[in-house]
Each structure stands twice: as C-alpha cells, then as structure tokens.
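Asker: can you look at this prediction? I've put the sequence above it.
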Amino acid sequence: SLHTVTTMPTARQPGCPFDPPAELIDAREHGPISRFPFPDGHQGWLVTGYDLIRSILADPRFSSRKELMRHHPLVDYGDIEVPPAPPGEFLLMDEPQHGRYRKPLVGKFTVRRMRLLTERVEQVTAEHLDAMEQAGPPADLVTAFAKPIPAIIICELLGVPYEDRGSFQDNIDKFLGGEVGDEELIAAYTATQQYLAELVAAKRADPTDDLLSDLLDSDLTDEELRGIALILLSAGFDTTANMLALGTFALLQNPEQLAALRAEPALTDGAVEELLRYLSVAKQFARVALEDVELGGQTIKAGTTVILSLHTANRDPERFTDPHVLDVRRQEGGHLAFSHGIHQCLGQQLARVEMRVALPALLNRFPTLRLAVPADEVALRPEIADIYGVKSLPVTWDA
Ligand code: HEM
C-alpha cells in the first residue's frame with residue numbers, strides 16, 4: 001500500500017548528524033515514492049528511491065520553474081503568487097531559457113579549466129593553514145578554512161573583489177542558512193542585487209580578466225548578468241564550504257577512514273566522491289509535473305509538486321552497498337549529490353578540485369586534528385536550510 005509522509009521532518013536523530021532524518025529513510029523502505037501533503041494543503045509526492053529520482057531529473061515533463069514551485073515542504077505560503085525566476089537565475093528555469101544562460105558558461109567550468117586552477121587553490125589553502133597554525137589551537141574550522149577558501153576562488157573566477165565580500169557573504173548565508181525570517185531574507189536579497197548591479201556596471205566601465213567580463217561580449221543584458229552572478233556566487237560560496245567543514249567532521253567521527261585517507265593519498269578522489277554521497281549537503285530539490293506522468297505505479301497529476309530527496313537516494317540500499325557506512329574505498333560511483341539531467345551542477349569540477357586539494361592538505365598539516373568540543377555539541381544547520389552543514393566546527397591539535 002502507498003506510504004504517506006504526513007509532515008516533513010524538521011530535525012535529524014540525535015547523535016546522527018550525517019544521516020537523513022529517520023522518517024525519510026523509513027519512507028524509502030516502504031518504496032521509492034510516498035504521498036506527501038504539503039503544509040498548504042497541496043497533495044504532492046516525496047521521492048526517495050535512487051532510480052526514480054534519477055529518471056525524474058532526466059525527464060522534461062518535470063519542471064524547475066520557480067513560479068510553479070510555490071509549495072514549500074515546511075512552510076505554508078498561503079495563496080501568494082510566485083513570480084518567475086529573475087533574468088539569469090537559470091537554476092529555476094526550463095529549456096530553452098535555461099540553456100541560453102547555461103551554454104555560454106559550460107566552457108568556463110570544464111575539467112581542464114578547473115585543473116588549471118589547482119595551483120591557485122593549493123596556494124590559498126596553504127595560506128589559510130599557515131594562518132591557522134600561527135594563531136595556534138583551537139580554531140573554528142568554518143571561519144579559518146572551510147568558508148574562505150571556496151569564497152576566494154569563486155570571487156577571483158568571477159572577478160568580484162574579495163574585499164567586498166563583507167557586503168554579501170552574510171547575505172548569502174541568510175538565503176541558504178534557513179535561520180532568518182522573510183523580512184530579513186528579502187532585505188538580504190535586495191542588498192545583494194544592489195551590490196551585483198554595481199559590480200556589473202563597474203565591469204562594463206572597466207572590463208578585467210575574469211568570467212563576468214568575458215560574458216560582457218555576449219548578448220546578455222546587465223540584468224541577466226546580475227542573475228548569473230548571483231547564482232554562481234551563492235552556489236560557489238556555500239556548498240563547497242559546507243562540504244569541507246561537514247566532511248572534516250564526518251572524517252573525525254570515522255577515525256579508521258581518516259587514517260586510511262592520511263596513509264594513502266591515492267584514496268583522495270574516491271574519498272571526496274564518498275563524502276559527497278554520504279553527506280549530500282544539497283539534500284533535496286523539487287520539480288513540478290507539467291502533464292500527467294505515470295511513475296513507479298502512480299499517476300503524478302499535472303501541476304503536482306514532487307520533492308526529490310537526493311540525500312536519501314544516495315543512501316538507497318538497492319543502489320549502494322551498506323549505504324549508511326562512510327567508506328573511502330567504495331567503488332560504486334553515480335551518486336546524485338550534484339543532481340542529474342539539465343541542471344546537474346555546473347560547478348562540480350571546481351568543487352572537486354577544491355575538496356581534493358583542501359581536505360588532504362588540512363589532514364596532513366594537522367596530524368593530531370580533533371574536535372575541541374563533544375561531537376553532540378557541534379552546532380548544525382536546521383533542516384529548513386537549503387544547504388546542510390555545521391554552523392561552526394571547533395577543532396584543536398597538538399601545537
Ligand atoms: C546546480 C550541488 C558546488 C554552481 C547544482 C545542483 C546541485 C548542486 C544538487 C542541481 C539542483 C537541481 O537539480 O535543481 C552542489 C554541491 C556543490 C556544488 C554539492 C559542492 C560540493 C558548486 C560550485 C558552483 C556551483 C562551487 C560554482 C560555480 C552551480 C550552478 C548550478 C548548480 C550554476 C545550476 C545549474 C543549472 O541549473 O543548470 N549544484 N554544487 N555549484 N550548481 Fe552546484
């Protein structure tokens with residue numbers, strides 16, 4: 001019989017900061033798809049099975065359009081009208097609009113281009129580890145390491161002065177951290193738009209050698225460039241940062257995995273993929289059916305919202321052996337941490353380079369790295385946050 005998840009869980013199980021909430025694991029055990037009544041009364045679906053999620057992500061009958069996604073799994077927005085995504089914000093668009101924005105960017109994020117950045121990532125990482133070492137233990141790994149490294153790299157790539165970050169890094173935290181009310185959220189969004197408008201104007205007046213300046217030659221308007229910059233900055237700031245901090249936390253909690261990774265540098269690439277799978281910080285996304293679709297023995301009616309739990313799919317025992325075990329030697333690829341289909345993460349090669357460089361450098365620099373507080377006192381983001389992670393990670397080491 002069809003399982004119903006009556007409310008979306010708002011917390012994880014105590015002592016299990018890395019696992020999806022028990023209700024989602026339980027839903028998947030009942031089958032790949034469950035009924036899900038949204039708080040606003042909309043009768044939607046929750047998909048937790050790997051195969052089904054993958055096929056929905058590849059199916060053009062399911063839309064990412066913002067104006068159709070008005071049902072939030074945790075919040076009742078009432079009858080508000082949701083406007084379409086602003087120009088340039090292609091994460092929340094379908095084809096052909098999506099491709100028009102994504103196409104000119106793809107060439108900027110290739111494996112080859114991102115490998116060219118490796119040296120710069122190594123340099124920035126070394127500078128931050130030096131500073132940590134000089135300041136001495138303890139440290140907050142989030143502010144000393146996990147946040148600044150990806151932030152500096154995405155700023156340099158885009159041509160955003162890193163000194164300006166104070167004016168928008170906090171604002172981006174507010175969009176994605178799930179801890180501020182609507183009014184503050186709108187203020188943060190408006191301030192960021194204002195900053196980016198000034199930035200695009202500055203590039204028009206005085207182009208420099210960076211991605212935003214390169215895009216000035218295309219037929220994109222200033223408004224569109226602002227939207228693109230917003231998507232790239234917010235994606236580039238928060239996701240990798242959370243992977244680095246939460247990934248370190250997960251390794252510290254799995255000492256035999258940590259030891260294996262320290263002893264065998266050749267495990268690094270596989271360990272990064274395993275951390276992506278195991279943690280899935282971009283934990284869930286939604287799609288809306290554009291027509292009636294038969295799936296998993298159910299009819300998804302046109303206009304219905306489906307929540308896709310990427311994290312639970314990445315823990316599907318029909319796809320991964322011992323899915324709840326962190327195993328840096330795992331050989332099974334194909335995780336969905338970067339999604340799949342037309343919206344599959346544009347920055348994934350950049351994120352990989354950052355993680356492959358920064359994580360081993362940290363572990364090698366501090367062979368005695370450990371938590372400075374009991375594990376259950378590490379402050380985690382709430383489930384309402386779009387991107388999961390730790391708020392801070394107090395660590396120490398033998399100086
Ligand atoms: C899209 C995850 C890092 C830029 C996505 C999506 C996921 C994701 C799951 C697809 C959402 C959907 O299907 O609706 C991650 C994770 C990261 C990461 C886990 C870090 C480990 C980055 C970085 C950038 C970036 C560093 C910077 C350039 C983007 C963009 C999209 C995207 C532009 C939208 C793609 C589109 O709609 O075509 N990311 N991301 N991401 N990501 Fe990432």
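Answerer: Looks like it arrived, so ask away.
Asker: just list what the one helix or strand Thr192 maps to packs against, helices and strands only.
Answerer: Taking DSSP states H and E as the criterion, Thr192 maps to helix 182-205. Counting contacts by 3 or more CB pairs under 8 Å, 6 or more residues apart in numbering; DSSP states H and E, helix 182-205 packs against helix 169-177, helix 211-215, helix 222-252. Every C-beta, even on glycine, is put in place using the N, C-alpha and C of the backbone.
Asker: and the contacts of it?
Answerer: Contact with helix 182-205 is made by 159-160, 164, 167-168, 170-172, 174-175, 180, 212-213, 216, 222, 225-226, 229-230, 233, as judged by CB atoms under 8 Å, 6 or more residues apart in numbering.
Asker: try 6 Å
Answerer: Here helix 182-205 makes contact (CB atoms under 6 Å, 6 or more residues apart in numbering) with Ser167, Phe168, Asn171, Lys174, Leu212, Ser213, Asp222, Leu225, Arg226, Ala229, Leu230.
Asker: please apply the same query to stretch 283-296.
Answerer: 32-33, 52, 61-63, 68-69, 299-302, 304-311, 388.
Asker: quick one: average confidence on it?
Answerer: Rounded to a whole number, the mean pLDDT of stretch 283-296 is 95.
Asker: and that stretch with the ligand, contact?
Answerer: Yes. Judged by CB under 6 Å from any ligand atom, stretch 283-296 comes into contact with the ligand at Phe285.
Asker: report the buried residues of that stretch.
Answerer: Under the neighbour-count criterion of 16 or more other CB atoms under 10 Å, stretch 283-296 has Lys283, Gln284, Phe285, Ala286, Arg287, Val288, Ala289, Leu290, Val293, Leu295, Gly296 buried.
Asker: quick one: end-to-end distance for it.
Answerer: End-to-end distance for stretch 283-296: 22 Å, by CA to CA, to the nearest Å.
Asker: over to stretch 106-118?
Answerer: Using CA to CA, the span of stretch 106-118 from its first residue to its last is 18 Å.
Asker: distance check, the closest residue to the ligand within the stretch 51-200 of the chain against Glu67.
Answerer: Sorted by distance to the ligand under CB to the nearest ligand atom, the residues of the stretch 51-200 of the chain start with Leu91, at 4.0 Å. Using CB to CB, to the nearest Å, we find Leu91 at a distance of 14 Å from Glu67.
Asker: how about the closest residue to Leu252 other than its chain neighbours, phi and psi?
Answerer: For Leu252, ignoring the flanking residues on the chain, the nearest one in space by CB to CB, 6 or more residues apart in numbering is Leu371 at 5.8 Å. Backbone torsions for Leu371, taken as degrees, to the nearest 10, come to phi -70, psi 140.
Asker: Leu371 - how many residues pack around it?
Answerer: Neighbour count for Leu371, taken as other CB atoms under 10 Å: 18.
Asker: hang on, the earlier thing: spatially nearest residue to the residue of the stretch 51-200 of the chain closest to the ligand, not counting backbone neighbours?
Answerer: Ile231 (5.6 Å).
Asker: kindly report the same for Gly334.
Answerer: Nearest non-adjacent residue to Gly334 (CB to CB, 6+ apart): Arg319, at 7.6 Å.
Asker: distance of the one you found relative to the ligand?
Answerer: Distance, Arg319 to the ligand, by CB to the nearest ligand atom, to the nearest Å: 17 Å.
Asker: could you do Val353 as well?
Answerer: As judged by CB to the nearest ligand atom, Val353 and the ligand stand 9 Å apart.
Asker: thinking again about what came up before, looking at Leu91 and Glu67, which is more packed in?
Answerer: A count of neighbours by other CB under 10 Å puts Leu91 above the other of Leu91 and Glu67, at 19 against 13.
Asker: looks to me like the more buried one is in a strand.
Answerer: No. Membership of Leu91 in a strand is not supported by DSSP: H, G, I helix; E, B strand; the rest coil, which gives helix.
Asker: quick check: which ranges of this protein have low pLDDT?
Answerer: Scanning the chain with the threshold set as pLDDT under 70 gives 167, 176-178.
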